[in-house]
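Peer 1: Build the 3D model from these lines:
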Amino acid sequence: MAHQQLTLDLPHRPAVGRSDFLVADCNADAVAWLDRWPDWPGPALCLYGPPACGKSHLLDIWRARSGAVLVCGLDLDAASVPTLAASRTVALDEADRLGDETALLHLYNMLREAGGSMLLAARQPPGRWPLTLADLRSRLSAAPAVGVAAPDDVLLAALLGKLFADRQVVVNEEVVGYLVRRMERSFDAAARLVARIDAAALAGHQAVTIPLVRRILDAS
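Peer 2: Prediction:
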């Protein structure tokens, strides 16, 4: 079957054990900051943005490069701080949902003294976190914070094209454009949607067409 190949001029960045990460305007600043590591101006950098905008993927990319230990904000406690600090690089996900502010303050101080680094991911910049410790608020507010926006049209189209290609599913630009204009604007939603479309096409022994994807979207 003849088809029009998607030609989207976006750079690819490898992610260990995962699909390529696509760089676009909505995440380029964050990627540039990660590229600067370990030459950050301080021990911490915060990535912030809405759910499913790619923060966790960026954490994974940085972890693969730095060897950082991953911990969730709710799981951070005083007992874990010495081990985390000894690793010298820490990736803290959901950092705005802390179980122990004092533990994060101690971890920050120990990493700073050791010349280590910490990448924090959250929904809001640190200045908007509900922190009660003044010292912690001061340190995190002084750290660089870079936003990661929801995917734009170009990035969503590239992501959909790659997700379909990973499944060896042929799609044309009209189908991708139709999806971009109507789908939830997130990385997670794109992955779920492509999986549902692939399953429906396989079950019906049919190509991926606009009528098929319209039916999938209408059933959402």
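Peer 1: only C-alpha atoms for contact and neighbour calcs from this point on.
Peer 2: Fine.
Peer 1: Residue 185 and residue 50, how far apart?
Peer 2: Between residue 185 and residue 50 the computed distance is 11 Å (C-alpha to C-alpha, to the nearest Å).
Peer 1: repeat for residue 200
Peer 2: Distance from residue 200 to residue 50, by C-alpha to C-alpha: 30 Å.
Peer 1: higher neighbour count, these two?
Peer 2: Ranked by neighbour count (other C-alpha atoms under 10 Å), residue 200 and residue 50 place residue 200 first, with 18 against 15.
Peer 1: Show me which positions of the helix or strand in which that one is found end up buried.
Peer 2: Using DSSP states H and E, residue 200 sits in helix 187-204. By 16 or more other C-alpha atoms under 10 Å, the buried positions in helix 187-204 come out as 187, 190, 193-194, 197-198, 200-201.
Peer 1: how does this structure divide into domains?
Peer 2: For the chain, automatic domain parsing gives the domain ranges 27-147, 150-218.
Peer 1: so which of those domains comes closest to residue 21?
Peer 2: Nearest to residue 21, of all the domains of the chain, is domain 27-147, at 7.7 Å by C-alpha to C-alpha.
Peer 1: and the closest one, how far from the chain's centre?
Peer 2: Distance, stretch centre to chain centre, for domain 27-147: 14 Å (C-alpha atoms, centre = their mean, to the nearest Å).
Peer 1: Over to stretch 183-198?
Peer 2: With C-alpha atoms, centre = their mean, you get 15 Å for stretch 183-198.
Peer 1: Which residues does that stretch contact?
Peer 2: Contacts of stretch 183-198 with the rest of the structure, by C-alpha atoms under 8 Å, 6 or more residues apart in numbering, involve 51-54, 150-152, 156, 159-160, 163-164, 167, 169, 208, 212-213, 216-217.
Peer 1: ok, which stretches of the chain are helices?
Peer 2: 28-36, 55-66, 81-87, 101-114, 134-142, 153-166, 173-182, 187-204, 210-218 (DSSP state H).
Peer 1: need the ones you listed in CSV with mean pLDDT, can you?
Peer 2: Converted to CSV, these look like this (pLDDT from 0 to 100):
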stretch, mean pLDDT
helix 28-36, 94
helix 55-66, 92
helix 81-87, 97
helix 101-114, 98
helix 134-142, 96
helix 153-166, 92
helix 173-182, 96
helix 187-204, 93
helix 210-218, 96
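Peer 1: Redo those as a markdown table? Include distance to residue 43.
Peer 2: Below are the helices of the chain laid out as a markdown table (distance: least, C-alpha to C-alpha, whole Å):
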| stretch | distance to residue 43 |
| --- | --- |
| helix 28-36 | 13 |
| helix 55-66 | 13 |
| helix 81-87 | 12 |
| helix 101-114 | 5 |
| helix 134-142 | 10 |
| helix 153-166 | 31 |
| helix 173-182 | 38 |
| helix 187-204 | 29 |
| helix 210-218 | 44 |
